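Asks: I would like to see how this sequence folds:
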Amino acid sequence: MVAASTASRTGVFDLLRRLAMIGVALVLSVSLAACDGGQSRKAPSISPADMALITRQAEGFLAAKDRLPELANLVNQRDWVFTGNLIHGPMQEVGREMLYINQRLLPADRAEAGKRADQLKSALAQLDEAARLQDGERLRKSYIKVASGFGSYAEVIPAPALDAAEQA
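Replies: Predicted coordinates:
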């Protein structure tokens, strides 16, 4: 009788071991199928609607950027009034345009775009303050920051939107 009870225990343990092995194999199979490494997924991309909005806003951004030679001329002439007028007139909307562009960029690009937009807005504020104070040296240094800020921010605008905006 003891031999029969030992044999039945061994059979139960063998059955449990087989079930455990099947369970482990099943869990591993499901895990490997779920974690395929993402090769079958498409890379994130900007939707056509978002690209159209970015293009529209980039047109305004580039229009302000195209006014940089005029701004440079005013800075060189130390024309305090018209420097301020250009900043508060044609260049005033650049902050809003960058905000709309940033909201439509891929999430991974938004932080850097926001940082560059803030730097450009800060440079424009410094230029305006220098014109208000009629500080020629500060005005010149601020203009350099503004010009480089426009160039830096233009780098975060997707190339298709930038190309389309330049052609418009």
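
Asks: Report the central residue of this protein.
Replies: To find the centre residue of the chain, average its C-alpha atoms and take the closest one (CA atoms, centre = their mean): that gives D109, at 2.1 Å.

Asks: Now do the SS call for that one.
Replies: helix (DSSP: H, G, I helix; E, B strand; the rest coil).

Asks: Identify the residue nearest it in space, chain neighbours excluded?
Replies: The shortest distance from D109 to any non-neighbouring residue, by CB to CB, 6 or more residues apart in numbering, is to V156 (6.3 Å). C-betas here are computed from N, CA, C, even on glycine.

Asks: In contact with that neighbour, which residues?
Replies: Residues in contact with V156 (CB atoms under 8 Å, 6 or more residues apart in numbering) are I101, L105, D109, E112, A113, R116.

Asks: And what about it, helix, strand or coil?
Replies: coil.

Asks: Can you list phi and psi of it for me?
Replies: Dihedral angles of V156 (phi, psi; degrees, to the nearest 10) stand at phi -90, psi -10.

Asks: Following element in sequence after the helix or strand of the chain with the lowest mean pLDDT, please.
Replies: Ranking every helix and strand in the chain by mean pLDDT, DSSP states H and E puts helix 2-34 at the bottom, with a mean of 64. Counting by DSSP states H and E, the element after helix 2-34 in chain order, helix or strand, is helix 48-65.

Asks: Dump that following helix to PDB, restricted to CA.
Replies: Written as PDB, here are the backbone C-alpha positions of helix 48-65 (Å, rounded to 0.1, in the frame of the first residue of the first chain):
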ATOM      1  CA  PRO A  48      -1.400  66.100 -42.400                       C
ATOM      2  CA  ALA A  49      -3.800  68.500 -40.600                       C
ATOM      3  CA  ASP A  50      -1.100  69.400 -38.000                       C
ATOM      4  CA  MET A  51       1.400  69.800 -40.800                       C
ATOM      5  CA  ALA A  52      -0.900  72.200 -42.600                       C
ATOM      6  CA  LEU A  53      -1.300  74.300 -39.400                       C
ATOM      7  CA  ILE A  54       2.400  74.300 -38.800                       C
ATOM      8  CA  THR A  55       2.900  75.400 -42.400                       C
ATOM      9  CA  ARG A  56       0.500  78.300 -42.000                       C
ATOM     10  CA  GLN A  57       2.200  79.400 -38.700                       C
ATOM     11  CA  ALA A  58       5.600  79.000 -40.300                       C
ATOM     12  CA  GLU A  59       4.600  81.500 -43.000                       C
ATOM     13  CA  GLY A  60       4.100  84.100 -40.300                       C
ATOM     14  CA  PHE A  61       7.300  83.200 -38.500                       C
ATOM     15  CA  LEU A  62       9.300  83.400 -41.800                       C
ATOM     16  CA  ALA A  63       7.700  86.800 -42.600                       C
ATOM     17  CA  ALA A  64       8.900  88.100 -39.300                       C
ATOM     18  CA  LYS A  65      12.300  86.500 -39.900                       C
END
